[in-house]
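Asks: pasted the sequence and its predicted model underneath.
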Amino acid sequence: MKTNLKTLLLIPFFALLLFSSCQDEETDITPQEESEALAAESELTGLLFSTSIMDGSSDNIIDNASCTSVKLPITVKVNGLEIIIDSEEDFDVIEAIFDQFEDDEDELEIIFPITIILSDHEEIVLNNRDELEELIEECQEENEEDDDIECIDFQYPISFSVFNTDFQIIDVVTIENDRQLYRFLKRVKNKEVIASLNFPITLKYADGTTVDVNNNQELARTIKEARDLCDEDDDNDYGDDDFTKERLDEYLKKCPWVVYEFKRNNQDNTAQYKEYALNFKENDTVTMRARGGDVLTGTWSTRVTERGALLKLEFDTLADFTLEWIVYDIEEGKIKLYEAGGNRIIMKRNCDVVINTITKERVKNYLKECLWRVDSIRINNISKRIDYIGTPLKFYDDDVVKLRVEGELIEGTYDIGLRDDKITLKIDLEGRPDLKLIWVINFLEPGLIKLTNENSKLILRRHCPDEDEDIDYISDVLSNGEWVVASYLDQGVNETENYNDYVVGFNENGRLFAEGDGNNYIGSWLAYRNNGLYLGLNFRTQNEPFSELRHRWKIVEITPNRIELKDYNSNGEIERILVLEKN
């Protein structure tokens with residue numbers, strides 16, 4: 001689901017108005033039809049109730065019961081080592097200790113008393129192991145189908161309209177979590193209240209994606225279709241390392257996997273192998289794309305033993321990956337491999353990655369899709385990044401490339417070639433010798449191209465403003481009138497007065513200008529998205545004060561009359577704040 005950031009960006013502009021106009025208003029609920037009310041015994045009420053049941057499977061490695069959950073924090077002893085468990089991430093620590101040695105007997109001792117959360121969200125205190133075992137016996141057998149639906153959940157808050165017997169709204173109940181939903185639906189099932197759900201609502205799947213629904217029929221259909229979309233992990237272990245061989249094979253073959261972390265023989269080789277991508281194929285072959293663009297072929301196989309599920313990788317020229325790995329944890333979209341002796345791989349699924357060898361035709365078609373923004377460029381290990389702020393490239397059919405500078409297009413040529421069996425990109429633009437190199441394309445995936453030339457590196461990111469309504473909105477706001485620097489703080493020092501008497505303008509063609517005090521400055525600007533919304537300002541001058549604004553600023557607030565921009569350092573601390581207001 002696409003988040004409407006335009007709305008979020010406008011929130012500060014309307015905040016005061018909303019606050020003053022809504023204080024005395026009641027909640028506005030769209031009138032409901034009587035047929036939309038939840039019946040006590042209806043299928044929909046049952047489906048809603050099943051989604052609200054507490055899922056206790058995530059901590060099965062501790063309590064061995066999917067119908068209970070241990071309230072954190074607790075203290076346990078794992079093979080004699082005392083550990084405080086205060087988050088679900090700590091379950092990984094238990095698993096890693098269990099998997100450390102193949103021939104030992106794994107033991108987990110709980111330090112009582114503990115608090116247990118039941119499937120109906122009630123909490124009880126247990127004082128010893130016998131009380132826990134007695135409770136566990138009341139739960140269903142391992143892997144037996146249970147009533148709870150875990151593959152989809154509500155994105156809270158949601159609300160219900162409550163009616164009297166004449167079907168007039170007498171109350172609106174807001175629900176913030178599964179526990180509140182469970183208790184409210186118990187009242188519906190017991191015919192204590194008449195209620196209907198207020199639409200639209202958003203539901204979240206186990207893989208993190210979301211879906212909006214607008215009525216009871218859509219809701220029932222969505223929940224039923226999602227019931228079996230994930231593994232509910234109702235077994236007495238943590239993660240999915242006890243997958244069947246068939247399920248594990250299908251999971252691996254679903255999409256390519258990108259290396260996120262890599263350790264071999266206690267050596268951290270993440271920097272060497274990060275962004276390597278593996279594609280598991282039907283015929284027991286696995287292809288791996290290295291960062292240099294090379295594609296290696298090996299074999300893979302799986303088996304299930306008393307140690308758990310095992311994945312065997314074999315490559316003739318890649319010894320670090322060649323090993324039989326324990327699959328010790330699987331999350332949605334992530335898999336963790338382990339073997340004793342300090343060996344570990346974490347991979348994330350990425351269905352957009354293409355492992356096949358990069359071809360000239362594929363590169364050319366890819367380059368023509370949108371504009372391309374120079375995200376990073378280093379020539380002989382010297383950064384030239386600042387020179388390309390706000391200046392995107394556009395590649396055309398007839399080997400023509402254009403760079404937009406100060407609102408004008410500089411035209412040149414480009415060529416897709418081949419050198420030492422690797423695809424290359426050569427760019428020739430007047431006045432841009434930095435780009436006039438034969439770049440080797442060594443990484444290509446949607447939205448990103450990485451190129452190298454000896455001691456030089458170039459990273460291009462795709463920029464498609466016509467496909468992003470938030471970028472369109474920002475561009476419309478900026479180009480509508482002239483602006484003044486209302487505030488500029490540098491390391492906490494107020495330097496706003498340096499910009500008095502200047503006006504700043506943004507032309508639709510990407511030209512940037514500042515005029516005043518007898519001086520004129522020109523440059524380029526570009527609004528773009530990169531894990532957030534940014535505004536690149538490139539005043540092409542070495543003279544203060546506008547040389548200081550030559551930067552890629554994060555947009556933290558924008559309204560039709562005000563823009564607030566911030567500059568963060570590598571530690572996430574704010575270094576500079578720039579505020580522009582409509583003149």
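Replies: Nice, thanks for sending it over. This is a predicted model, so every value here is computed, not measured.
Asks: where does pLDDT dip in the stretch 51-200 of the chain?
Replies: Residue ranges of the stretch 51-200 of the chain with pLDDT under 70: 99-105, 140-147.
Asks: for it, what spans make up the helices?
Replies: Assigned by DSSP state H, counting those that start in this stretch, the stretch 51-200 of the chain shows helices spanning 60-63, 91-99, 129-137, 178-189.
Asks: other SSEs contacting the third one?
Replies: Packing partners of helix 129-137 (3 or more C-beta pairs under 8 Å, 6 or more residues apart in numbering; DSSP states H and E): strand 114-118. (Glycine included, C-beta is placed from N, CA and C.)
Asks: tell me the span between the first and last residue of stretch 343-362.
Replies: Stretch 343-362 has an end-to-end distance of 36 Å (C-alpha to C-alpha, to the nearest Å).
Asks: contacts for it, please.
Replies: Contact with stretch 343-362 is made by 254-265, 277-279, 287-289, 293, 295, 321, 323, 325, 333-338, 416-418, 423, 441, 444-446, as judged by C-beta atoms under 8 Å, 6 or more residues apart in numbering.
Asks: what about it, distance to the chain center?
Replies: Between the centre of stretch 343-362 and the centre of its host chain there is 18 Å, according to C-alpha atoms, centre = their mean, to the nearest Å.
Asks: ditto for stretch 78-96
Replies: The mean C-alpha position of stretch 78-96 is separated from the chain mean by 26 Å, C-alpha atoms, centre = their mean.
Asks: how about that stretch: buried residues?
Replies: Residues 78, 85, 90-92, 94-95 are the ones in stretch 78-96 that count as buried (16 or more other C-beta atoms under 10 Å).
Asks: export those as CSV, with columns for distance to residue 317.
Replies: Listed next are these as CSV, based on distance: C-beta to C-beta, whole Å:
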residue, distance to residue 317
78, 39
85, 42
90, 38
91, 37
92, 32
94, 37
95, 32
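Asks: just name the most buried of the helices of the stretch 51-200 of the chain.
Replies: Sort the helices of the stretch 51-200 of the chain by mean neighbour count, taking mean count of other C-beta atoms under 10 Å, and helix 60-63 sits at the top with a mean of 21.
Asks: helices or strands up against it?
Replies: So helix 60-63, by 3+ C-beta pairs under 8 Å, 6+ apart, packs with strand 68-70, helix 91-99, strand 108-110.
Asks: could you dump that helix to PDB, C-alpha only?
Replies: This file holds the C-alpha atoms of helix 60-63, laid out as PDB (Å, rounded to 0.1, in the frame of the first residue of the first chain):
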ATOM      1  CA  ASN A  60       7.700 -22.000  22.000                       C
ATOM      2  CA  ILE A  61      11.400 -22.600  22.600                       C
ATOM      3  CA  ILE A  62      10.700 -21.600  26.200                       C
ATOM      4  CA  ASP A  63       7.300 -22.900  27.200                       C
END
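Asks: need the helices for the stretch 301-450 of the chain, in chain order.
Replies: With DSSP H, counting those that start in this stretch as the criterion, the stretch 301-450 of the chain has helices at 360-367.
Asks: run the chain-centre distance for stretch 437-456.
Replies: Distance, centroid of stretch 437-456 to centroid of chain: 24 Å (C-alpha atoms, centre = their mean).
Asks: which outside residues touch it?
Replies: With C-beta under 8 Å, 6+ apart, stretch 437-456 has contacts from 275, 291-293, 350, 352-354, 358, 362-363, 366-367, 372, 377-381, 417, 419, 422-427, 457-462.
Asks: re earlier: show me just the buried residues among the contacts of stretch 343-362.
Replies: The neighbour count (16+ other C-beta under 10 Å) marks 255-260, 262-264, 277-279, 287-289, 293, 321, 323, 325, 333, 335-338, 416, 423, 441, 444-445 as buried among the contacts of stretch 343-362.
Asks: which residues touch the helix or strand harbouring residue 475?
Replies: Element membership of residue 475 [criterion: DSSP states H and E] is helix 469-479. Here helix 469-479 makes contact (C-beta under 8 Å, 6+ apart) with 4-6, 9, 465-466, 506-508, 525, 527-529, 533, 535, 555, 558-560, 563.
Asks: now swap in stretch 80-89 and tell me
Replies: So stretch 80-89 is contacted by 58-59, 62, 72-77, 90-91, 93-94, 97, 107, 111 (C-beta under 8 Å, 6+ apart).
Asks: could I get the helices of the stretch 51-200 of the chain as CSV with distance to residue 388?
Replies: Shown next, in CSV, are the helices of the stretch 51-200 of the chain (distance: least, C-beta to C-beta, whole Å):
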stretch, distance to residue 388
helix 60-63, 51
helix 91-99, 42
helix 129-137, 62
helix 178-189, 49
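Asks: closest one to residue 431 among these?
Replies: Set against residue 431 and scored by C-beta to C-beta, these come closest in helix 91-99, at 53.6 Å.
Asks: who are the packing partners of the closest one?
Replies: Using 3+ C-beta pairs under 8 Å, 6+ apart: helix 91-99 touches helix 60-63, strand 74-78, strand 81-85, strand 323-331, strand 334-339.
Asks: chain center to it: distance?
Replies: On C-alpha atoms, centre = their mean, the centre of helix 91-99 falls 26 Å from that of its chain.
Asks: just stretch 556-566 next, same as before
Replies: 25 Å.
Asks: list the buried ones in it?
Replies: Neighbour counts over stretch 556-566 (16+ other C-beta under 10 Å) mark 556-559, 562-566 as buried.
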